[in-house]
Every structure is written in C-alpha cells, then in structure tokens.
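Peer 1: got a sequence here, can you build the structure:
(one chain, ligands or ions: 1)
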Amino acid sequence: MPEDAPYAYEVEGLYKHYAGTPEPANADISFRIRQGEFFGLLGSNGAGKTSLVKQMIGLVRPDGGTVRLLGRDVFTHPRFTTVNVGYMPQTAFALNSLTVREAVYFSAHLRGMASRATAKRERDAVLELLGLGHLAGKVARQLSGGERRLLQIAVTLTASPPVLILDEPTNELDPSRRRQVWQLLRDLNQRDGRTIILITHNAIEAEQVIERVGILKAGRLVALGAPAELKASLRSQVHLSITLDDTQPLGLLPDYVHVQSQHRGRVVALVDAADLPHLTKDVNLAQFPEFTMHTATLEDVYVSYA
Ligand SMILES: Nc1ncnc2c1ncn2[C@@H]1O[C@H](COP(=O)(O)OP(=O)(O)OP(=O)(O)O)[C@@H](O)[C@H]1O
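Peer 2: The predicted structure follows:
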C-alpha cells in the first residue's frame, strides 16, 4: 500500500453508549485506514469491535463523532456504503433460506449488478473461487458451519466491493480451508488492492497478513500501529512456553518468571531479557519435557493490553 494512498476510512471522535448499559461501547475513537491497507482490529470479548464496525457501515448510529468512507459520510450515503463495503458479520447468516447459488446471485444484484447475465457470471466466478460449486444447489441452512462460513465469505466478496470488513472469517474452518482463506485475503489485498479490515482474536494468524493493527479495550482504542512497532514496546521481554511433568511444581520457576497462564502443566510466562542469564543458571531447563522461548509476538502485545 502506498503511504500516501487516499483514505478508505476516516473515523473521528466516535462515541456510542447503548441505552441501559453502564459504560459506553465505544468512546473517543479516532483513526484512519488508507485504501489498500490490511488492517486488523483486536480486542477481548465485549471490547467494542462489533459496535465499531457496525457504525463504520452505517448499521448502528453513533451518539457522537463521524465516519467517512472513501470521503463520504456513511450515514448520509447508505447506498454508497452498501455498494462499496462487503461486511461479513460473525453472527448467523441472514440468507439462510436461500440456496448457495441464490445467495451469491442476489448479493451481486444488491451490490448493483443489474443485468441477469452479469450477476450470473459473477456468481459462477465467486463460487469457483471459494470452491463452493459442488454445493451450489444446497440450502444455506443445511450447510456445515465451515461451509456456511465459506458462503458468507463468498457473499462478502461478490461484485468486488473495494473495502472488505470481515469478522473472524476463519472461525470453524478446517486447517486447509483456513490456509486457503488467508491466501485468498492476501491476494485480494496485494494483487487487487482491496482494503481489508479484519476483526479477530487470532493474533498469531493475523500477524502474518496485517500491516497495521488497532487494539480496543473497554471501548477505547488503546494501541494503534504496525505489529513491529507495537512489539518493540515489549522488546525487553522474552516469552517462555514450558511444559511441567506431574511431579514438577510451578514453584520450580524463580519469581522473576512472570506466569501469564497455565493449563494442564503448560505454562506461558514472560521474563525480562535482563534476567535470562540468571534463568539459565538458576534452573536446569533440560529437566522440562518442553521448553521454548521467543521474542514478543503480536499476541503478547494483545495480552499485555487485555
Ligand atoms: N445492541 C446492544 N444493546 C446494548 N448493549 C450492547 C449492544 N451491542 C453491544 N452491546 C454492549 O456493548 C459492549 C461492546 O460489545 P461489542 O459486541 O461491540 O464487543 P466485541 O468486542 O465485538 O465483543 P466479541 O469479541 O465478544 O464479539 C458490550 O458490553 C456489549 O454488551
């Protein structure tokens, strides 16, 4: 993405407080996304990600602030938003009673492909791209969870909207389909120049593709930058993964090893880089069934803000 590309999105001072809730879902959110950028939105459950993107596509009206898509206000130009943004929500698929073939065909119409022949051509191309041709006659409700996810992706891509917003697109997919979808998104971004905004909890997979990330916490944008920039703030920390056998207590680890989580003997911890030389002296690392260490990942950044 060229650094001076025009903006796909300009979000300014966004504020949303649902009636009857104690805290705002989004407060004081401002950021810009350039055309052709691959942007990730991370945040724990309830952090405000879905509320934010629903306002970005004009589905939910903010209580304050503005959202501009390709230079136009999304609330005064609803039709412009429908045509220019493909949004894939995480929730149930709205076109459940249609066949796979019909769902993609009608989506092409909705995005402005008025002629039947053009919409049919688009439908066939999209079904082939997602490998859904063999399911074309099946009703969406009867698909498996993963197949329905692929159909949702197909519908989102139909008619090539320049901006794609995808909420956990690889949920429920098997490993080979996951890889296929990540590759497809990478191609759509790098080869076709589409702007992609990805909501995910999977920071490890997202780190492979995103150029910039925003981290939301309790409705506020608490970090914004390239993964490398954000990771630099944790550079003084090293991430440890240790498996303990049944006889090894957690107390074996010195107190400068900061345990982040433990489950069934698998311990994830952070240690200051300055303490590493002590660790190798204080503990016989070879006694553990498994011991690995690496510098901070985007997931560590995410966890550090959670
Ligand atoms: N329609 C609504 N009415 C009232 N409160 C809502 C509504 N939608 C969301 N909220 C509240 O707003 C906050 C943010 O929710 P939101 O769905 O935006 O979070 P999220 O980051 O997308 O979460 P998740 O990762 O679990 O999908 C939560 O406290 C939620 O309960």
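
Peer 1: drop to CA atoms for contacts and neighbour counts, all remaining ones
Peer 2: Will do.

Peer 1: doesn't residue 30 fall inside a strand?
Peer 2: Yes - assessed by DSSP: H, G, I helix; E, B strand; the rest coil, residue 30 belongs to a strand.

Peer 1: what's opposite the closest residue in space to it that isn't next to it in sequence in the beta bridge?
Peer 2: On the basis of CA to CA, 6 or more residues apart in numbering, the spatially nearest residue to residue 30 that is not a chain neighbour turns out to be residue 12, at 4.4 Å. Beta-bridge partners recorded for residue 12 (DSSP bridges): residue 66.

Peer 1: run a quick check on residue 12 versus residue 33, I expect a contact.
Peer 2: No - under the criterion of CA atoms under 8 Å, residue 12 makes no contact with residue 33, lying 11.7 Å away.

Peer 1: neighbour count: the two, which is higher?
Peer 2: The residue with the greater number of neighbours, taking residue 12 and residue 33 and applying other CA atoms under 10 Å, is residue 33; the counts read 21 against 16.

Peer 1: these two touch, right, that one and residue 5?
Peer 2: No - at 9.5 Å, residue 33 does not count as touching residue 5 under the criterion of CA under 8 Å.

Peer 1: would you list every one of the strands in the stretch 51-200 of the chain?
Peer 2: Remark: strands of the stretch 51-200 of the chain, listed N- to C-terminal, are 64-69, 72-73, 85-88, 163-167, 195-199; assignment by DSSP state E, counting those that start in this stretch.

Peer 1: including mean neighbour count and mean pLDDT, could these go into TSV?
Peer 2: Formatted as TSV, the entries for the strands of the stretch 51-200 of the chain read as follows, by neighbours: other CA atoms under 10 Å; pLDDT from 0 to 100:
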stretch	mean neighbour count	mean pLDDT
strand 64-69	20	97
strand 72-73	18	96
strand 85-88	23	93
strand 163-167	23	96
strand 195-199	25	96
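
Peer 1: could I get those as TSV with distance to residue 37?
Peer 2: Output for the strands of the stretch 51-200 of the chain, formatted as TSV (distance: least, CA to CA, whole Å):
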stretch	distance to residue 37
strand 64-69	14
strand 72-73	18
strand 85-88	14
strand 163-167	10
strand 195-199	5
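
Peer 1: wait, a strand at residue 33?
Peer 2: Yes - remark: residue 33 belongs to a strand, assigned using three-state DSSP.

Peer 1: how many neighbours does the closest residue to it other than its chain neighbours have?
Peer 2: Nearest in space to residue 33, with sequence neighbours left out and distances taken as CA to CA, 6+ apart, is residue 9 at 5.1 Å. The burial metric for residue 9, expressed as a neighbour count using other CA under 10 Å, is 22.

Peer 1: same question for residue 5.
Peer 2: With neighbours defined by other CA under 10 Å, the count for residue 5 comes to 12.

Peer 1: over to residue 242?
Peer 2: Using other CA under 10 Å, the number of residues around residue 242 comes to 18.

Peer 1: can you tell me the element it falls in?
Peer 2: Secondary structure here is read from DSSP states H and E; on that basis residue 242 sits in strand 237-243.

Peer 1: need the contact partners of that strand.
Peer 2: Strand 237-243 is contacted from outside by 265-273, 288-296, 300, using CA atoms under 8 Å, 6 or more residues apart in numbering.

Peer 1: are any of the residues you listed buried, and if so which?
Peer 2: If you count burial by 16 or more other CA atoms under 10 Å, the buried members of the contacts of strand 237-243 come out as 267-271, 295-296, 300.

Peer 1: lowest pLDDT pick from those residues?
Peer 2: For those, the least confidently modelled position is residue 296, at 77, judged by pLDDT.

Peer 1: ok, that residue - contacts?
Peer 2: Residues in contact with residue 296 (CA under 8 Å, 6+ apart) are 231, 234-235, 237-239.

Peer 1: and residue 261, that's in a strand?
Peer 2: Yes - the assignment for residue 261 is a strand, going by three-state DSSP.

Peer 1: what is the least confident helix or strand in this protein?
Peer 2: Scoring the helices and strands of the chain by mean pLDDT, DSSP states H and E places helix 298-305 at the bottom, with a mean of 81.

Peer 1: quick check: buried residues in that one?
Peer 2: Using 16+ other CA under 10 Å as the test for burial, helix 298-305 gives 298-302.

Peer 1: then stretch 36-56 to PDB, C-alphas only?
Peer 2: C-alpha atoms of stretch 36-56 as PDB (Å, rounded to 0.1, in the frame of the first residue of the first chain):
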ATOM      1  CA  GLY A  36      -5.200  -0.800   0.000                       C
ATOM      2  CA  GLU A  37      -4.300  -1.300   3.700                       C
ATOM      3  CA  PHE A  38      -4.700  -4.600   5.500                       C
ATOM      4  CA  PHE A  39      -5.900  -3.500   9.000                       C
ATOM      5  CA  GLY A  40      -6.600  -5.700  12.000                       C
ATOM      6  CA  LEU A  41      -8.900  -4.900  14.900                       C
ATOM      7  CA  LEU A  42      -8.100  -6.900  18.100                       C
ATOM      8  CA  GLY A  43      -9.800  -6.800  21.500                       C
ATOM      9  CA  SER A  44     -11.200  -9.200  24.000                       C
ATOM     10  CA  ASN A  45     -14.900 -10.100  24.200                       C
ATOM     11  CA  GLY A  46     -17.000  -7.100  24.700                       C
ATOM     12  CA  ALA A  47     -14.200  -4.600  23.900                       C
ATOM     13  CA  GLY A  48     -16.400  -2.900  21.300                       C
ATOM     14  CA  LYS A  49     -15.100  -4.300  18.000                       C
ATOM     15  CA  THR A  50     -18.500  -5.200  16.500                       C
ATOM     16  CA  SER A  51     -20.100  -2.000  17.700                       C
ATOM     17  CA  LEU A  52     -17.300   0.000  16.000                       C
ATOM     18  CA  VAL A  53     -17.600  -1.800  12.600                       C
ATOM     19  CA  LYS A  54     -21.400  -1.600  12.700                       C
ATOM     20  CA  GLN A  55     -21.000   2.100  12.900                       C
ATOM     21  CA  MET A  56     -18.500   2.000  10.200                       C
END
